[in-house]
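Participant: the sequence and its predicted three-dimensional model are supplied below.
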Amino acid sequence: MDFISKYGKEIVSLVVPFITWFLNVGIKGKAKLIWTSPHSFTFLVHEPIRDTEGNVLQTTQKVSTASIRIINTGRETATKVELVFNWKPDHINLWPVRHFEHKTDQDSRHIMIFDNLSPKEEIGIEILSINADLPALLLVRSAECPAQNVPMMWIRYVAPWKIAIARLLIFVGVSASVYGLIALIQFLVLKTPFNP
């Protein structure tokens, strides 16, 4: 206790620059990409494959589908967003519709490049293959950061008024904690009694 009262000003002068650094760097807005594959399915379609003479080669066909979501959860725009597939998917559907570039690298990997992805914006990609496996999505990245693969699940709908009440209670709790911390520091450093 004597140490804090004796060196309280020095301790505060050392802590304030770290708080300032955290507010300038730690909370600074940046792009943050996440991606997930919430759905994939294989259909067995009972449609025979026939040769040119009409002979049945195969009685069923396999149709594989997968859904991929890329979301910028950050506060800055992500630029040059790249998706690298193991090979080119047979069919690609993109929602919302937007322009992108196709490229193939020297190892025959298929690359989709989007110019940018605004904060809180998402891209939905559906891929489909008939009688073939779907390519794996190997990498998602942007010029600012690599994307993180996150598992997603269904959650129950929560009414907006319940979310508003939870936010209000969290705000009141954080405010009370900050006020209590300031009062504690005041008591320890300045030896003044707590007067609410």
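Facilitator: Looks like it came in fine. Numbering: from 1, shown residues only.
Participant: make it CA atoms for all contacts and neighbour counts henceforth
Facilitator: Noted.
Participant: who's the residue positioned nearest the centre of the chain bridged to?
Facilitator: The C-alpha lying nearest the average C-alpha coordinate of the chain belongs to Ile34 (Cα atoms, centre = their mean; 2.6 Å). Per DSSP bridges, the residues bridged to Ile34 are Ile71, Gln148.
Participant: which element is Val140 on?
Facilitator: Using DSSP states H and E, Val140 sits in strand 137-141.
Participant: only alpha carbons, please: show that strand as CSV.
Facilitator: Only the C-alpha atoms of strand 137-141 are listed here, as CSV (Å, rounded to 0.1, in the frame of the first residue of the first chain):
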residue,chain,number,x,y,z
LEU,A,137,-11.0,-24.7,-51.4
LEU,A,138,-7.3,-24.5,-50.5
LEU,A,139,-6.9,-20.8,-49.6
VAL,A,140,-8.8,-17.6,-49.1
ARG,A,141,-6.8,-14.4,-48.7
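Participant: what is it packed up against?
Facilitator: Counting contacts by 3 or more Cα pairs under 8 Å, 6 or more residues apart in numbering; DSSP states H and E, strand 137-141 packs against strand 78-85.
Participant: helices and strands around the helix or strand following the strand it packs on, which ones?
Facilitator: Per DSSP H and E, strand 78-85 leads on to strand 91-95 as the next helix or strand towards the C-terminus. With contacts taken as 3+ Cα pairs under 8 Å, 6+ apart, strand 91-95 sits against strand 122-130.
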